[in-house]
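Engineer: with the sequence up front, the predicted model follows.
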Amino acid sequence: MKKITAVTILFSLLLSLNTAIAQTSSSDYVHTKATIQEQIRTTKEVVGGSLEKYRNTAQEQHVERLQYLREYAQKMIDRRNEVLSSLRERIEKYKNLTDAEKQALLDTVKGSEDGLRNLVGKIDSEEDLDQLKNRVREIADEKIFQYVTPKIHLVAMAEKIKAVLSRMRAITGKIEQSITRAQEANLDISSIEAKYEEYKGQLVVAQNTLNEAEDLIQNLTEDLEDPKAIFVQAKAKVKNAHEALKSAHRLVKEIASSLKELDKNSSQE
């Protein structure tokens, strides 16, 4: 009996898929949170000394307080520019984004860079302490840690999942071809067919959940008073899409193994 499956091609595709799945590791979700927390922690360390000097300087020492607060503001800006520079480098390395998608993220970074640049001149020339305090608040309003960093990390995770979905769909043709040949050979493949339907269902879940995540990410804009709520929802959607992909990956490996066994048995008859 002729072979019923293109085993070599199918397993070659699975090998490539295994690598892609590994790149969507759940550590991405931990990494995003840890990265933001680390950015905030190190920023506090960098700027904390100047803020402490400002707070400990007597009210009547106006010039000194102005100097320390200005120093604090400049360090806040420098630290945020470092973070934005690292995000820019990260975006350039993304492999699963189109040029337009990359440019949209780079524009987000540039918008924050421009906002900080505009504040530098105002801070350097400000001689009124209360006005300088307002400038410091404007630095925080750029929301580098609350908006820019989370959005860029989320987009990257979503694009990884999208790339894996594309590879999984490429495998379906080979599976369907093998199932058809097995049916023509009157082989019992009911368990394989059931798993294949479940596999396709998991792909639908992953795609729908990813779509919902991308809609939320689009709504993650810098003018939001508190982007955290949307960020948390979007991250949960991305994670759910990832879980659906892992389930689909497990099923397709089981299907491939069953088809391989059928292929082996049919070759011996």
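Structural biologist: Sure, I can see it. Nothing here was measured: the structure is a model prediction, and the numbers come from that model. Numbering: from 1, shown residues only.
Engineer: scan this structure for its longest helix.
Structural biologist: Counting by DSSP state H, the longest helix found in the chain is helix 228-268.
Engineer: what about residue 120, neighbour count?
Structural biologist: 16 (other CB atoms under 10 Å). Just so you know, the C-beta spots here come from the backbone N, C-alpha and C atoms, and that holds for glycine as well.
Engineer: picking up where we left off before, mind giving me the packing neighbours of the longest helix of the chain?
Structural biologist: helix 7-22, helix 27-56, helix 149-184, helix 190-218 (3 or more CB pairs under 8 Å, 6 or more residues apart in numbering; DSSP states H and E).
Engineer: how about stretch 223-238: buried residues?
Structural biologist: Neighbour-count burial for stretch 223-238 flags 227, 230, 231, 233, 234, 235, 237, 238 (criterion: 16 or more other CB atoms under 10 Å).
Engineer: can you list the residues you listed in TSV and add pLDDT?
Structural biologist: TSV is the format used below for these (pLDDT from 0 to 100):
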residue	pLDDT
227	79
230	86
231	85
233	90
234	89
235	87
237	92
238	89
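Engineer: I'd like to know how far residue 228 sits from residue 118.
Structural biologist: Separation of residue 228 from residue 118 (CB to CB, to the nearest Å): 25 Å.
Engineer: do residue 234 as well
Structural biologist: Computed as CB to CB, the residue 234 to residue 118 distance reads 29 Å.
Engineer: pLDDT-wise, which helix or strand of this protein ranks last?
Structural biologist: Lowest mean confidence among the helices and strands of the chain (mean pLDDT, DSSP states H and E): helix 7-22, at a mean of 53.
Engineer: what about this structure, any weak spots by pLDDT?
Structural biologist: Scanning the chain for pLDDT under 70 picks out 1-48, 51, 54, 263-269.
Engineer: rerun at 50
Structural biologist: Along the chain, the parts satisfying pLDDT under 50 run over 1-2, 4-9, 26-27, 29-30.
Engineer: same for the helix or strand hosting residue 100, what does it pack against?
Structural biologist: In this structure, residue 100 is located in helix 99-125 according to DSSP states H and E. Applying 3+ CB pairs under 8 Å, 6+ apart, we find helix 99-125 packed against helix 62-93, helix 129-141, helix 149-184.
Engineer: thought residue 80 was touching residue 143?
Structural biologist: No. The pair residue 80 / residue 143 is not scored as a contact, 10.0 Å apart, by CB atoms under 8 Å.
Engineer: now do stretch 88-104: distance to the chain's middle.
Structural biologist: The chain centroid and the centroid of stretch 88-104 are separated by 12 Å, computed with CA atoms, centre = their mean, to the nearest Å.
Engineer: got it, and stretch 112-131?
Structural biologist: Remark: stretch 112-131 is offset 32 Å from the chain centroid, using CA atoms, centre = their mean.
Engineer: tell me the buried residues in that stretch?
Structural biologist: 112, 113, 115, 116, 119, 120, 123, 126.
Engineer: same list, those, but as a markdown table with distance to residue 104 please.
Structural biologist: As requested, those are exported to a markdown table (distance: CB to CB, whole Å):
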| residue | distance to residue 104 |
| --- | --- |
| 112 | 14 |
| 113 | 15 |
| 115 | 17 |
| 116 | 20 |
| 119 | 24 |
| 120 | 26 |
| 123 | 29 |
| 126 | 34 |
